[in-house]
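**Student:** model this:
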Amino acid sequence: MSVTDQQRRGRRIMMSSEELDAFLTEQRTCRVATVGSDGAPHVGALWFCWDGQALWLYSITRSKRWAQLRRDPRIAVVVDDGEEYMELRGVELTGEAVSVGEAPRTGEVCPELTAPERLFAAKYFGLDHMPHDERHAWLRLTPQSVVSWDFRKI
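**Tutor:** Numbers count the residues shown, from 1 in each chain. Next comes the predicted model:
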């Protein structure tokens, strides 16, 4: 298969913006890759929410991930689904993670967190307000690159 054929196939299986929004809204777990001080990657699972523009990650502030992102904000996140090959679909988002609000989060007023906390609380806790455990804080990834695939389109 030539590079041109691969690119055409890639365009055929990529998600539309509506499909991408629906997929990122409904999925519950993502895998987050960060860069260690030695250059080695570190990958871990996290809960997240998508607001249509940014991926919001709720991370423990005493984690390896948090320490690595404070030193080097580059991040890659994969959200995927499917068991059989022809069911596979997913999204890879890359960019830089930005801490938003206090860390750890205690619930201080932060207008930028109103929407993500409402989305997250409803998605994971069935609540209309965000419980704060003073161990987690928010990271925002406004992706610089988004790659998606949906093998059901093949």
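
**Student:** buried residues in the longest strand seen in the chain?
**Tutor:** Ordering each strand of the chain by length in residues (DSSP state E) puts strand 89-100 first. Neighbour-count burial for strand 89-100 flags R89, G90, V91, E92, L93, T94, G95, A97, S99, V100 (criterion: 16 or more other C-beta atoms under 10 Å). In this view, the C-beta of every residue, glycine as well, is placed from N, C-alpha and C.

**Student:** just those now: which is nearest H42?
**Tutor:** Distance to H42, by C-beta to C-beta, is smallest for A97 among the buried residues of strand 89-100, at 12.9 Å.

**Student:** wait, what's in contact with that closest one?
**Tutor:** Counting by C-beta atoms under 8 Å, 6 or more residues apart in numbering, A97 makes contact with L57, L69, P73, I75, L139, R140, L141.

**Student:** Check the offset of stretch 18-38 from the chain's centre.
**Tutor:** Relative to its chain's centre, stretch 18-38 lies at 3 Å (C-alpha atoms, centre = their mean, to the nearest Å).

**Student:** got the contact list for that stretch?
**Tutor:** 15, 41-50, 52, 55, 57, 59, 64-65, 68-69, 71-72, 74-79, 81, 89, 91, 123-124, 146, 148, 150.

**Student:** what about burial for the residues you listed, which qualify?
**Tutor:** By neighbour count, with 16+ other C-beta under 10 Å, those hold 15, 46, 48-50, 55, 57, 59, 65, 68-69, 75-77, 79, 89, 91, 123, 146, 148, 150 as buried.

**Student:** who does the helix or strand containing H42 pair up with?
**Tutor:** According to DSSP states H and E, H42 maps onto strand 41-50. Note on strand 41-50: by DSSP bridges, its sheet partners are strand 29-35 (antiparallel), strand 55-60 (antiparallel).

**Student:** Contacts only, for D150.
**Tutor:** D150 neighbours (C-beta under 8 Å, 6+ apart): I13, M14, M15, E19, L88, R89.

**Student:** Could you find the lowest-pLDDT member of those?
**Tutor:** Lowest pLDDT of the contacts of D150: I13, 90.

**Student:** so who does the spatially closest residue to F120 that is not a sequence neighbour touch?
**Tutor:** If you skip the residues right next to it in sequence, F120 has C49 as its closest partner in space, 4.6 Å away by C-beta to C-beta, 6 or more residues apart in numbering. If you count contacts by C-beta under 8 Å, 6+ apart, C49 has them with T25, L55, W56, P116, L119, F120, K123.
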